[in-house]
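S.K.: Got a sequence here, can you build the structure:
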Amino acid sequence: MACARPTLSVDRGFSLIEIAVVLAIIAILAALALPDLSHRIIREQVVEGAKLADVAKTPVGTAWVSHLPLPVDNAAAGLPPPQKVVGNMVQSVTVEDGAIHVTFGFKAHERIRGRTLSFRPAVVEDARVVPVAWLCGQAQPVPGMRAMGRDRTDLQPEYLPLNCHAPR
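M.R.: Numbers count the residues shown, from 1 in each chain. You can find the predicted model right below:
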């Protein structure tokens, strides 16, 4: 007696259409994630570049507590010219009437290259013993303090660190 063998059709792998659908879904998800990733990279570059402002914060703060006028420029703060205070993300750091302006360039993302982030000293005018508090970007001083210098921040708000945003 002869047994008939059933024929099994075993599909192995995926069809071309299935692979194309999966790749299309992955591409759509990646496209949705990319803008968030570029914003994160830019914000990290802003934070990295902003650290260079610390070079100028010390002489400005020292002038204030020493009852001296706030430095009007880099020379008055004892710093090199603005184009000499540089970093990977920063093309210059400028002191102007106590405010510090960090201009991004060099290796910075093209969306922030040539843009400025300002740090202004906030002071208690009749109590110079109170140290300077630093305001980043459009941030406003707390009651009892006054912001000195001009805010020249022209970075888009979504690229600013959280402490640089104006109150809502």
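
S.K.: Identify, by residue count, the longest helix of the chain.
M.R.: For the chain, the longest helix by residue count, based on DSSP state H, is helix 16-50.

S.K.: Kindly spell out which helices and strands sit in contact with the next helix-or-strand element following that one.
M.R.: The C-terminal neighbour of helix 16-50 among helices and strands, as given by DSSP states H and E, is helix 54-65. Other helices and strands packing on helix 54-65, by 3 or more C-beta pairs under 8 Å, 6 or more residues apart in numbering; DSSP states H and E, are strand 90-96, strand 99-104, strand 116-123. No exception for glycine: its C-beta is placed from N, CA and C like everyone else's.

S.K.: who's in contact with the first one?
M.R.: What it means is strand 90-96. 49, 52-53, 55-56, 59-60, 71-74, 76-77, 79, 82-83, 85-86, 100-106, 108, 114, 149-150, 152 (C-beta atoms under 8 Å, 6 or more residues apart in numbering).

S.K.: Just the buried residues out of these, in ChimeraX syntax.
M.R.: A single ChimeraX command selects the buried members of those (16 or more other C-beta atoms under 10 Å):
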select :49,52,53,55,56,59,60,71,74,76,77,79,82,85,86,100,101,102,103,104,105,108,149,152
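
S.K.: Would you mind writing the CA trace of stretch 68-88 as CSV?
M.R.: Output of stretch 68-88 as CSV, limited to C-alpha atoms (Å, rounded to 0.1, in the frame of the first residue of the first chain):
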residue,chain,number,x,y,z
LEU,A,68,32.9,100.4,40.5
PRO,A,69,30.9,101.1,37.3
LEU,A,70,29.9,98.0,35.3
PRO,A,71,32.5,97.5,32.5
VAL,A,72,31.4,99.2,29.2
ASP,A,73,33.4,96.9,27.0
ASN,A,74,35.8,93.9,27.0
ALA,A,75,38.9,96.1,27.7
ALA,A,76,37.2,97.7,30.8
ALA,A,77,36.5,94.1,32.0
GLY,A,78,40.1,93.1,31.5
LEU,A,79,39.2,90.8,28.7
PRO,A,80,40.7,90.4,25.2
PRO,A,81,38.7,91.8,22.2
PRO,A,82,35.4,90.1,21.5
GLN,A,83,36.7,88.1,18.5
LYS,A,84,39.5,86.6,20.7
VAL,A,85,37.1,85.1,23.3
VAL,A,86,36.0,82.1,21.2
GLY,A,87,35.1,78.5,21.5
ASN,A,88,34.0,75.6,19.2
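
S.K.: which residue sits closest to the most centrally placed residue in the chain, ignoring its sequence neighbours?
M.R.: Using C-alpha atoms, centre = their mean, the residue of the chain that lies closest to the mean C-alpha position is Val46, 2.3 Å off. Nearest residue to Val46, sequence neighbours excluded (C-beta to C-beta, 6 or more residues apart in numbering): Tyr159, at 5.6 Å.
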